[in-house]
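In: just a sequence and a predicted model for now, questions to come.
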Amino acid sequence: MTRIDDLLAAGPTWSFEFFPPKTPEGLVAFDESVQALAELGPSYVSVTYGALGATRDTTRDLVIRVNREQAFPAMPHLTCVGHTRAELVELLEDYRAGGIENILALAGDPPADGSDPGGDFTYATELMELVREVGDFAVGVAAFPELHPRSPDRATDRRLLAAKLAQADFGLTQFFFNAEHYRVMVDELADLGCETPVIPGVMPFASVPGTRRMAGVNGSEIPRWLDEQLDAVDGDAEATRRLGVAVATDLVAELLDMGVPGVHLYALNRAQSIQEIYANLGREGQLRG
């Protein structure tokens, strides 16, 4: 059982997200982190994809290798903006040949300077159709609990998200810090008749500037109480990491009380924070029996 929709049907999933390293040292850290977190028995892992395909080959190679070497499936993130149909077909065929059964289909961000990225696709729904055409993949899509940054209004955002999820096997959210945003999104989707499972993404942050930058890009609210705590630890890397663990532990506990279909934790290519979250939640001893 390696399709994520099948895993979700069997019960709540626990999964981790990694990013493709850019240096030999980064690759060592990636491998060490995957190996350490494999001991926690994740349902699956995912590997992100650089803007406009900047890490296309690295993501592909890592996903296929992890999928082959580990007992759990690896899922690539795949964006379509700036890609030709032929490029995407070739990549999807590589994944199919490499034994990959799950794809996270994303539109991707246009160039920050407003230039035309080129390519044959604009929307994730177009990529989803191509993925279905090329292979029998389980297809996931992104969801923004606090609305997509480019949405014109809330009603439009939810209508388009429900339509996208109707074509997908599961959804995976961007990170957020207030569980209420996730609960409201799920309720609003249910009101539109959408029953596709949406897995919350949780980031145990490790950098104050990085957290604020990513929150700004994604439209993720940093609550005032958290903003004040970030100010207090700014410049202290270990204190920042410990705060990230504490905030993520509380958020995951609250989400579990809601009965979420799974939890997707951002590993940031390091194992320690996730290991501590598992220990805080009592999952480590449970898994190791």
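Out: Happy to help now that I have it. Numbering: from 1, shown residues only.

In: so in terms of bridging, what pairs with residue 103?
Out: Per DSSP bridges, the residues bridged to residue 103 are residue 139.

In: surely it meets residue 76?
Out: Yes - under the criterion of Cβ atoms under 8 Å, residue 103 makes contact with residue 76 at 6.3 Å. Any C-beta I mention is one placed from the backbone N, CA and C, and that applies to glycine too.

In: which regions of the stretch 51-200 of the chain sit below the pLDDT cut-off?
Out: Residue ranges of the stretch 51-200 of the chain with pLDDT under 70: 51-55, 109-118.

In: just the helices in it please.
Out: 56-69, 85-97, 124-134, 154-166, 179-191 (DSSP state H, counting those that start in this stretch).

In: if you skip the residues just before and after it, what's nearest to residue 229?
Out: In space, and not counting its chain neighbours, residue 229 is closest to residue 243: 5.9 Å by Cβ to Cβ, 6 or more residues apart in numbering.

In: in TSV, list the helices of the stretch 51-200 of the chain along with mean neighbour count and distance to residue 10.
Out: Output for the helices of the stretch 51-200 of the chain, formatted as TSV (neighbours: other Cβ atoms under 10 Å; distance: least, Cβ to Cβ, whole Å):
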stretch	mean neighbour count	distance to residue 10
helix 56-69	18	19
helix 85-97	16	23
helix 124-134	19	23
helix 154-166	17	20
helix 179-191	17	20
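
In: and those as a markdown table, adding distance to residue 37?
Out: Shown next, in a markdown table, are the helices of the stretch 51-200 of the chain (distance: least, Cβ to Cβ, whole Å):
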| stretch | distance to residue 37 |
| --- | --- |
| helix 56-69 | 11 |
| helix 85-97 | 22 |
| helix 124-134 | 27 |
| helix 154-166 | 28 |
| helix 179-191 | 23 |
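
In: those helices: which one's closest to residue 146?
Out: helix 179-191 (5.1 Å; Cβ to Cβ).

In: quick one: residue 13 from residue 242, how far?
Out: 26 Å (Cβ to Cβ, to the nearest Å).

In: more crowded one of these two?
Out: Neighbours per residue (other Cβ atoms under 10 Å) separate residue 13 from residue 242, with residue 13 holding more: 19 against 16.

In: any idea how far residue 39 is from residue 32?
Out: Counting by Cβ to Cβ - residue 39 and residue 32 are separated by 12 Å.

In: for the longest helix seen in the chain, buried residues please.
Out: Longest helix in the chain, counting residues (DSSP state H): helix 237-258. For helix 237-258, a neighbour-count test (16 or more other Cβ atoms under 10 Å) marks 240-245, 247-249, 251-252, 254-255 as buried.

In: next structured bit after it?
Out: Along the chain past helix 237-258, the next helix or strand (assigned with DSSP states H and E) turns out to be strand 262-266.

In: and the angle for that next one with helix 237-258?
Out: Here the directions of strand 262-266 and helix 237-258 differ by 170 degrees (axes from the mean of the first three to the mean of the last three Cα atoms, to 10 degrees).

In: residue numbering should commence at 15 henceforth.
Out: Got it, first residue is 15 now, which makes that one strand 276-280.

In: strand 276-280 - contacts with which helices or strands?
Out: Secondary structure elements in contact with strand 276-280, counted by 3 or more Cβ pairs under 8 Å, 6 or more residues apart in numbering; DSSP states H and E, are strand 27-32, strand 184-189, strand 212-216, helix 251-272.
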